[in-house]
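**Q** all I have is the shape, not the residue letters:
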Ligand code: BES
Ligand code: ZN
């Protein structure tokens with residue numbers, strides 16, 4: 001009988017530990033290769049942006065911001081350098097909850113500007129009157145304490161004794177901390193001066209320092225053009241550990257050693273990725289492990305992936321997340337979805353690429369377990385949305401809605417299965433050659449679904465009319481086509497046999513679970529019937545210590561079963577988990593299940609009331625809806 005390894009409790013990250021100061025020096029990396037020409041203006045309209053980049057496009061951004069923890073405010077100047085070939089006389093920007101103080105042109109003339117009425121999800125359009133020859137527009141502004149991209153953490157929400165700030169710009173939250181053209185169809189290079197209190201380290205999706213500055217002033221440079229959703233900033237008591245010569249990890253001092261151990265395979269992943277689809281174009285690749293309220297598993301901020309500490313399982317079993325965010329350095333950051341309706345071009349490609357990295361490093365049986373779990377998630381999501389729901393199409397229609405509504409397993413796992421289907425029909429060598437040239441030829445550009453289908457037809461499927469039609473079915477029709485590949489996870493057959501044996505009455509201690517990995521445990525828990533009787537839940541918990549698991553994925557899967565079985569003895573563990581971290585992927589199914597269970601609705605509200613102030617706006621928005629929260 002095996003037990004789930006006793007690992008660090010996620011919730012323990014909430015408790016303050018003495019802050020350690022670190023001044024790790026690092027050699028600056030060599031300057032990365034930069035995109036040669038200025039990116040072309042986008043070919044398609046973005047329903048989530050007021051910018052009209054076909055008329056005037058921002059090509060470079062210079063920020064000068066002061067970080068004020070007491071007022072929960074960023075204030076300063078954004079200087080936008082324009083490309084205005086046709087001599088337009090108005091620049092349109094996106095803003096939301098920003099206080100616009102003053103707008104200046106070039107060397108200082110004050111400009112007239114108007115702020116439009118607030119639009120749901122989108123915020124307010126900022127129209128600035130410019131001259132045909134205006135080169136740079138300077139906007140003096142300040143953020144609101146409620147800015148949705150920003151989370152201002154109290155020291156008790158960190159593992160140290162200082163406050164912490166981080167941003168989350170994807171999908172359309174960059175406009176809540178910078179006035180800009182907030183659409184993935186526009187790319188700009190950037191530089192920034194960030195002023196923080198002494199004793200803090202500031203990091204961005206840019207060339208980064210590895211040690212604190214004496215005066216709290218940090219200067220950043222991002223020489224490759226990036227879309228607005230990849231702008232990112234984090235400020236806190238942070239330390240750095242190198243992982244080889246072009247990768248490293250940042251985290252709070254109390255976490256950084258554990259993070260460095262967990263992510264030790266990162267350099268191998270970079271190597272494997274380059275071997276698959278061409279050179280890494282961004283210089284360094286570092287990971288910042290954030291405090292537990294970070295609302296996502298990971299965010300592919302260029303040069304600096306932001307990650308949840310819930311991947312620190314103590315056994316390196318959850319590092320596929322790093323493979324995923326790293327893969328975005330090609331799919332997403334190099335070739336970017338033109339609008340949020342084309343989100344699957346970012347995420348579906350990235351899940352495919354992630355899986356290939358995992359296969360290259362850990363072998364096919366391992367990557368097939370990941371693929372099988374993803375397929376299971378997808379089937380569940382399609383069932384929840386309804387097989388006829390338009391949101392189960394790959395090409396989305398999010399006009400008039402929050403692009404966040406499009407963030408489901410469909411873009412990720414249906415997108416993955418489509419690419420795998422194409423691979424299986426045309427053969428891996430041809431598909432890899434196609435992808436490699438796709439990333440190279442469209443690097444630093446944007447891609448919409450129709451353009452992609454056109455080039456797929458021409459370059460790969462010229463002789464395959466049937467598959468061309470099938471691909472369109474995948475993209476434009478709801479549900480999952482019958483031709484969807486079936487990952488072969490042989491290990492899972494044995495797991496299912498054990499789940500059946502348990503369901504038929506075998507005691508937990510008599511199950512054959514020796515040597516099971518995280519993924520086998522996940523499959524086991526998902527294969528159990530629902531509900532499970534209380535005495536059998538107790539047997540599982542006592543035997544495998546599931547409620548105390550330090551593996552966040554295993555714990556979350558167990559807690560779903562706990563709710564489905566109304567197994568009250570594990571509710572304290574449920575409450576600890578829900579109040580100890582803010583990752584939406586874990587919160588969403590747990591609150592949803594609680595809200596549906598008769599006895600759980602009240603408990604959900606009681607826990608949420610306590611936990612909500614500690615969640616990021618992104619997670620709050622989702623859970624508010626689930627619980628019909630009115631405050
Ligand atoms: N880019 C996404 C996160 C995201 C998507 C943020 C849409 C805002 C809007 C990131 O790459 C991602 O997919 N993260 C996943 C992890 C991954 C392993 C599937 C997550 O956070 O769970
Ligand atoms: Zn992703």
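**A** That came in fine, so what should we check first? Everything numeric here is computed off the predicted structure, so don't read it as measured data. Ligands and ions are numbered 1, 2, ... in the order given.

**Q** hmm, residue 551 and residue 313 touching each other?
**A** Yes. The pair residue 313 and residue 551 qualifies as a contact (C-beta atoms under 8 Å) at a distance of 4.5 Å. (Glycine included, C-beta is placed from N, CA and C.)

**Q** looking at those two, which one has more neighbours?
**A** residue 551 (26 against 23; other C-beta atoms under 10 Å).

**Q** what's the distance between whatever residue of the stretch 101-250 of the chain ends up closest to ligand 2 and ligand 1?
**A** The nearest approach of the stretch 101-250 of the chain to ligand 2 comes at residue 170, 9.1 Å away (C-beta to the ion). Using C-beta to the nearest ligand atom, to the nearest Å, we find residue 170 at a distance of 4 Å from ligand 1.

**Q** closest point of the stretch 1-150 of the chain to ligand 1, which residue?
**A** residue 149 (10.5 Å; C-beta to the nearest ligand atom).

**Q** and the residue most central in space within the chain, what does it touch?
**A** Closest residue to the average C-alpha location of the chain: residue 299 at 3.3 Å, with C-alpha atoms, centre = their mean. By C-beta atoms under 8 Å, 6 or more residues apart in numbering, the residues touching residue 299 are 168, 170, 232, 305-307, 325.

**Q** in PyMOL, how would I select the buried members of those residues?
**A** In PyMOL, a selection of the buried entries from the contacts of residue 299 looks like this (16 or more other C-beta atoms under 10 Å):
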select buried, resi 168+170+232+305+306+307+325
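
**Q** can I get the contacts of residue 299 in JSON lines including pLDDT, secondary structure and distance to residue 277?
**A** JSON lines is the format used below for the contacts of residue 299 (pLDDT from 0 to 100; DSSP: H, G, I helix; E, B strand; the rest coil; distance: C-beta to C-beta, whole Å):
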{"residue": "168", "pLDDT": "99", "secondary structure": "coil", "distance to residue 277": "27"}
{"residue": "170", "pLDDT": "98", "secondary structure": "coil", "distance to residue 277": "22"}
{"residue": "232", "pLDDT": "99", "secondary structure": "coil", "distance to residue 277": "24"}
{"residue": "305", "pLDDT": "99", "secondary structure": "strand", "distance to residue 277": "17"}
{"residue": "306", "pLDDT": "99", "secondary structure": "strand", "distance to residue 277": "23"}
{"residue": "307", "pLDDT": "99", "secondary structure": "strand", "distance to residue 277": "22"}
{"residue": "325", "pLDDT": "99", "secondary structure": "helix", "distance to residue 277": "15"}
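
**Q** out of the contacts of residue 299, which comes closest to residue 114?
**A** Residue 114 has its nearest neighbour among these in residue 170, at 27.8 Å by C-beta to C-beta.

**Q** leaving out chain neighbours, which residue sits closest to that closest one?
**A** Nearest in space to residue 170, with sequence neighbours left out and distances taken as C-beta to C-beta, 6 or more residues apart in numbering, is residue 229 at 4.2 Å.

**Q** next one: residue 176
**A** Here the residue nearest residue 176, using C-beta to C-beta, 6+ apart, is residue 147, at 4.2 Å.

**Q** ok so, going back, so what's the residue of the stretch 1-150 of the chain closest to ligand 1 up against?
**A** 167-169, 173-174, 176-177, 617.

**Q** for it, grab phi and psi.
**A** When read as degrees, to the nearest 10, the backbone of residue 149 gives phi -70, psi -20.

**Q** equivalent analysis for residue 114, please.
**A** phi -130, psi 140.

**Q** helix, strand or coil: sort out the closest residue in space to it that isn't next to it in sequence for me.
**A** Counting by C-beta to C-beta, 6+ apart, residue 114 lies nearest to residue 127, which is 5.1 Å off, once chain neighbours are set aside. Judged by DSSP: H, G, I helix; E, B strand; the rest coil, the three-state class of residue 127 is strand.

**Q** for the stretch 351-500 of the chain, which residue gets nearest to ligand 1?
**A** residue 407 (4.5 Å).

**Q** ok, and what's touching the helix or strand containing residue 62?
**A** Using DSSP states H and E, residue 62 maps to strand 57-68. Contact partners of strand 57-68, identified using C-beta under 8 Å, 6+ apart, comprise 38, 41, 74-84, 165, 178, 180-181, 186, 188-197, 200, 202, 225, 231, 235.

**Q** how far does the strand or helix carrying residue 355 sit from the chain's center?
**A** For residue 355, the host element (DSSP H and E) is helix 343-362. Computed by C-alpha atoms, centre = their mean, to the nearest Å, the chain-centroid distance of helix 343-362 equals 14 Å.
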